[in-house]
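In: okay, here's the prediction I keep looking at, along with the sequence it came from:
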Amino acid sequence: MTVPPTIVAPSILAADFARLADEVRAVEGAADWLHVDVMDNHFVPNLTIGLPVVQSLRAATQLPFDVHLMIEDPRRWAPGYADAGAYNVTFHAEACDDPVALAKDLRSAGAKAGLAIDRDTPIEPYLELLPSFDTLLIMTIKAGFGGQRFIPQLLEKVRAARRHVAAGHLELRIEVDGGIAADTIEQAAAAGADAFVAGTAVYGADDPAEAVRRLRALAERAISGA
Ligand SMILES: O=C(CO)[C@@H](O)[C@H](O)COP(=O)(O)O
Ligand SMILES: [Co+2]
């Protein structure tokens, strides 16, 4: 698989769940990854979908799945998503006492491994773990719900992560998630993010595929400094 320089990942949390396969196909050809938010009503106070839905959806699209686990006990559940064909499986640092061991399990199961950092979690303690990961997901809201307002102060974590990645020559995606839209994506890209989750901004648009293309163009313009 060729690796695009900028990833846009529509979050199906903002899609119409009664028409999920159609909603996914609406962004196929425009999106790079499909972001799948799994919530268990314990780690976050919201409940979404789980493994059976991901397994069924896997057959409905060619898009790589970017699974974002907002669950307790990710060591029990995360490898199942890799087995179901997820491209990238991201779990929260706050929910896991041995993130490096789980990253190894995910890679052994054939997936990329992602570490997520919620709004109130500092990034510094996790920087030294990053060589074990393929993706670092930095929440730009408090995890749990779509449609929240982007918190620009959280981009300081993105800047710190980008500096660390550059200094260590790490191969790591820095993904931002929460409130990413046409008026916020450029700041996130300029701070050093290169993967962008967007739920409301994509599925709330009249033309979701066009919304994805527009977001990517804005991010690429900010990254190139144009
Ligand atoms: O993980 C989450 C929410 O916890 C996100 O992936 C949201 O689904 C993003 O939605 P928008 O903020 O783009 O509406
Ligand atoms: Co998410």
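Out: Great, that's in hand. Ligands and ions are numbered 1, 2, ... in the order given.
In: ok, and whatever residue of the chain ends up closest to ligand 2, which helix or strand is that part of?
Out: Nearest residue of the chain to ligand 2, counting by Cβ to the ion: residue 68, 3.7 Å away. Bear in mind the C-beta positions are built from the backbone N, C-alpha and C, glycine included. Assigned by DSSP states H and E, residue 68 falls within strand 65-70.
In: ok, residues contacting stretch 35-55?
Out: Stretch 35-55 has contacts (Cβ atoms under 8 Å, 6 or more residues apart in numbering) with 9-13, 17, 20, 57, 65-72, 77, 80-81, 84, 86, 92, 94-95, 143-146, 177, 197, 199.
In: one more time with 6 Å
Out: 9, 11, 13, 65-72, 80, 84, 95, 143-145, 197 (Cβ atoms under 6 Å, 6 or more residues apart in numbering).
In: so which of those residues reach ligand 1?
Out: Restricting those to those within reach of ligand 1 (Cβ under 6 Å from any ligand atom) leaves 11, 13, 68, 70, 143-145, 197.
In: reformat these as CSV; add pLDDT and neighbour count.
Out: Shown next, in CSV, are those (pLDDT from 0 to 100; neighbours: other Cβ atoms under 10 Å):
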residue, pLDDT, neighbour count
11, 98, 23
13, 98, 22
68, 99, 29
70, 99, 25
143, 98, 24
144, 98, 19
145, 98, 15
197, 99, 28
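In: which one of the residues you listed is nearest residue 220?
Out: Proximity of those to residue 220 (Cβ to Cβ) peaks at residue 197, which lies at 16.4 Å.
In: just list what the helix ranked longest in the chain packs against, helices and strands only.
Out: The single longest helix within the chain, with elements called by DSSP state H, is helix 208-224. Packed against helix 208-224 by the contact rule (3 or more Cβ pairs under 6 Å, 6 or more residues apart in numbering; DSSP states H and E) you find strand 7-10, helix 185-191, helix 200-203.
In: I am finished for the moment; much appreciated.
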